[in-house]
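J.: Need the 3D shape of this:
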Amino acid sequence: MTTLSAPLEARGTAARSGLLLAALAAPAAMGVSGPSLALPEAARALAVTPAAAAWLMTAFGLGMAVGTPLLSATAGRRNGAAGVVRAAAVLVALGALLTLLAPGLPLAIAGRALEAAGAAGLNVAAFQLAGRDRTGRTPGLVAIGSAAGGTVGLFAGAAVAGALGWRAALVLPLLSLLTLRPVLSLASEARADEAGADEAGPDEARAGGPTRGEPTRGEPTGGEPTRGEPTGTEPTGGEPPRRDDTPRTPASSLPLDILRDRRFLAAAALMLALSTVNFGLMYAAPRRVATLTGWGPVETGAFASVAALAGALLSWQLVRAAPSLGPARLRAVLALGSAVALVLAVSAPWPVAVLVGSGTSALVTAGGQGLLTGAATGGLPAARQGLAIGLFNLAFLIGVAAGPALAAFADQTVQFI
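T.: Next up, the predicted model:
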């Protein structure tokens with residue numbers, strides 16, 4: 001093998017792994033948006049109000065918020081990504097079965113929450129495995145797959161509901177199980193590589209330097225960048241790398257230092273607001289479009305998916321512009337964009353404007369999720385950044401749960417939606 005062909009082969013392997021892991025994460029994300037246009041039919045079948053049926057979406061967000069740290073701390077700690085994948089697959093299958101067989105709303109909600117916990121685990125495992133690629137290309141493909149799954153889910157849910165019934169729209173994460181065998185094979189390879197690196201540790205210490213492919217001193221494992229390094233998804237201001245002299249905090253301690261960090265709190269609060277608006281509009285905007293146009297669920301889902309997907313893809317332009325904007329102006333752009341999106345989606349009398357509002361919300365949410373992650377961890381020592389990212393993602397998932405619930409409440413009590 002020539003020195004030129006080695007990098008090309010490595011990039012090809014990373015691309016194949018990225019596409020596989022994106023295929024694992026995308027159906028899990030479909031579970032968030034898939035039921036949106038099937039909820040009216042679900043409400044009629046279950047003899048409940050539309051607001052009560054919206055709990056089928058809210059429960060999914062809550063299940064993801066609980067499942068993400070739970071599976072990471074239990075199955076992941078002992079058995080790595082493979083353990084997370086196996087446990088998550090079982091939860092997805094059991095949750096989907098309960099959802100399909102539930103005679104009433106309470107059991108259907110319980111099934112959706114169980115399914116969501118499994119979907120969260122699959123998403124966690126996808127990013128854990130993608131983190132082995134230090135270039136960031138594989139995590140980028142997984143993030144794109146997850147975003148695409150969440151947006152395409154609107155159309156996919158409406159389509160399968162029309163063909164197979166409303167319950168089918170509630171179990172789209174089952175599609176992730178089609179990739180189970182190759183993903184487990186990839187996880188086994190990752191586990192073997194980690195075991196080999198652990199065995200090489202004593203030799204490295206005797207040689208006085210790191211072995212090939214292992215992180216150097218001060219470099220966090222799991223694909224996280226060192227302090228001061230741009231990640232490619234966060235704004236940079238030319239700050240030079242700094243040595244982390246902060247005393248180490250035990251990983252098992254309460255994250256009070258993180259919760260007292262102003263930069264973390266500001267980033268997490270903004271992410272919560274962006275996520276709440278975005279997933280509230282994922283519930284409300286298609287209904288407004290259907291009301292204004294008279295379209296059926298499939299047509300509405302198709303146009304809503306295109307708008308949200310376009311916004312998610314255009315978020316890359318926001319990521320590229322972030323360094324020139326600076327942190328303060330970036331936060332202003334994200335907040336203003338979300339506010340404008342909300343106003344357009346809930347009050348504009350034209351369906352095109354409603355779709356533009358929905359797409360704008362997807363743009364600032366997708367861009368903000370990447371950019372604000374760097375802002376949330378920028379003032380923390382490297383040893384605490386992993387936990388801080390978990391807490392930041394929890395803020396995002398709380399918005400996933402709260403958005404549809406608030407939109408359904410407004411739909412029942414305020415007549416502007």
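J.: Going along the chain, name the helices of the stretch 1-150 of the chain.
T.: Along the stretch 1-150 of the chain, counting by DSSP state H, counting those that start in this stretch, helices occupy 5-33, 39-46, 50-53, 55-73, 75-101, 105-130, 137-164.
J.: Residues in contact with the third one: which ones?
T.: For helix 50-53, contacts defined as Cβ atoms under 8 Å, 6 or more residues apart in numbering pick out Leu39, Pro40, Ala42, Ala43, Leu46, Leu105, Ala408, Phe409, Asp411, Gln412. In short, each C-beta sits where N, CA and C put it, glycine included.
J.: Generate the PyMOL command that creates a selection of the buried members of the residues you listed.
T.: Paste this into PyMOL to select the buried members of the contacts of helix 50-53, with burial taken from 16 or more other Cβ atoms under 10 Å:
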select buried, resi 39+42+43+46+105+408+411
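J.: Can you say which two of the contacts of helix 50-53 are spatially most distant?
T.: The largest separation in these, counting by Cβ to Cβ, is between Leu46 and Phe409 at 18.5 Å.
J.: still on that earlier bit, hmm, which of the contacts of helix 50-53 is lowest in pLDDT?
T.: Lowest pLDDT of the contacts of helix 50-53: Gln412, 69.
J.: how about low-confidence regions in the chain?
T.: Residues of the chain that meet the criterion pLDDT under 70 lie in 1-14, 75-79, 131-137, 140, 191, 193-254, 386, 412-417.
J.: okay, the angle between the strand or helix carrying Ser324 and helix 39-46?
T.: Ser324 belongs to helix 297-325 when assigned by DSSP states H and E. In terms of direction (axes from the mean of the first three to the mean of the last three Cα atoms, to 10 degrees), helix 297-325 departs from helix 39-46 by 130 degrees.
J.: if I pick the residue nearest the centre of the chain, what's in contact with it?
T.: Central residue of the chain (Cα atoms, centre = their mean): Ser146, 6.2 Å from the mean position. Going by Cβ under 8 Å, 6+ apart, Ser146 touches Ala22, Ala25, Ala26, Ala28, Ala29, Asn123, Ala126.
J.: top of those by neighbour count?
T.: Counting neighbours by other Cβ atoms under 10 Å, Ala126 leads the contacts of Ser146 with 32 neighbours.
J.: I figured it was touching Leu21, is that so?
T.: Yes: look at Ala126 against Leu21 with Cβ atoms under 8 Å: they come within range, at 4.3 Å.
J.: want to throw the helices of the stretch 1-150 of the chain into JSON lines with distance to Ala402?
T.: Shown next, in JSON lines, are the helices of the stretch 1-150 of the chain (distance: least, Cβ to Cβ, whole Å):
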{"stretch": "helix 5-33", "distance to Ala402": "13"}
{"stretch": "helix 39-46", "distance to Ala402": "17"}
{"stretch": "helix 50-53", "distance to Ala402": "14"}
{"stretch": "helix 55-73", "distance to Ala402": "7"}
{"stretch": "helix 75-101", "distance to Ala402": "21"}
{"stretch": "helix 105-130", "distance to Ala402": "14"}
{"stretch": "helix 137-164", "distance to Ala402": "16"}
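J.: ok, and which of these has the densest surroundings?
T.: Comparing the helices of the stretch 1-150 of the chain by mean neighbour count (mean count of other Cβ atoms under 10 Å), helix 105-130 ranks first with a mean of 26.
J.: Does anything pack onto that one? Which helices or strands?
T.: helix 5-33, helix 39-46, helix 55-73, helix 75-101, helix 137-164, helix 180-199 (3 or more Cβ pairs under 8 Å, 6 or more residues apart in numbering; DSSP states H and E).
J.: The fourth one vs helix 55-73, what angle?
T.: Using the same axes, to 10 degrees, one finds that helix 75-101 and helix 55-73 are set 160 degrees apart in direction.
J.: With the shortest one instead?
T.: Relative orientation of helix 39-46 and helix 55-73, computed by the same axes, to 10 degrees: 100 degrees.
J.: Measure how far helix 39-46 is from the centre of its chain, please.
T.: On the basis of Cα atoms, centre = their mean, to the nearest Å, helix 39-46 is displaced by 27 Å from the centre of the chain it belongs to.
J.: go on, the fourth one?
T.: Put simply, helix 75-101 sits 17 Å off its chain's centre (Cα atoms, centre = their mean).
J.: Show me what that helix is packed against.
T.: Looks like helix 75-101 contacts helix 55-73, helix 105-130, helix 180-199 (3+ Cβ pairs under 8 Å, 6+ apart).
J.: Dump these to CSV, plus distance to Ser358.
T.: Output for the helices and strands packed on helix 75-101, formatted as CSV (distance: least, Cβ to Cβ, whole Å):
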stretch, distance to Ser358
helix 55-73, 16
helix 105-130, 22
helix 180-199, 32
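J.: all strands in the stretch 301-417 of the chain, in order from the N-terminus.
T.: For the stretch 301-417 of the chain, no strands are identified by DSSP state E, counting those that start in this stretch.
J.: coming back round to it: ok, which of the helices and strands packed on helix 105-130 comes nearest Asp261?
T.: Here helix 55-73 is closest among the helices and strands packed on helix 105-130 (Cβ to Cβ), at 19.1 Å.
J.: Pull the residues that contact stretch 20-29.
T.: Against stretch 20-29 from outside (Cβ under 8 Å, 6+ apart): 92, 119-120, 122-123, 125-127, 129-130, 138, 141-142, 144-150, 152-153, 172-176, 178-179, 182-183, 186.
J.: Please save the CA atoms from it in CSV.
T.: Extracted as CSV, the C-alpha positions of stretch 20-29 are listed here (Å, rounded to 0.1, in the frame of the first residue of the first chain):
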residue,chain,number,x,y,z
LEU,A,20,-23.7,3.3,8.8
LEU,A,21,-23.9,5.2,12.1
ALA,A,22,-26.1,7.9,10.5
ALA,A,23,-28.5,5.1,9.4
LEU,A,24,-28.6,4.0,13.0
ALA,A,25,-29.3,7.5,14.4
ALA,A,26,-31.8,8.8,11.7
PRO,A,27,-34.7,6.5,12.5
ALA,A,28,-34.3,7.2,16.2
ALA,A,29,-34.7,10.9,15.4
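J.: and it, how far out from the chain's middle?
T.: Chain-centre distance of stretch 20-29: 10 Å, with Cα atoms, centre = their mean.
J.: now stretch 55-72
T.: Relative to its parent chain, stretch 55-72 has a centroid offset of 12 Å by Cα atoms, centre = their mean.
J.: Same check on stretch 161-171?
T.: Between the centre of stretch 161-171 and the centre of its chain there are 23 Å (Cα atoms, centre = their mean).
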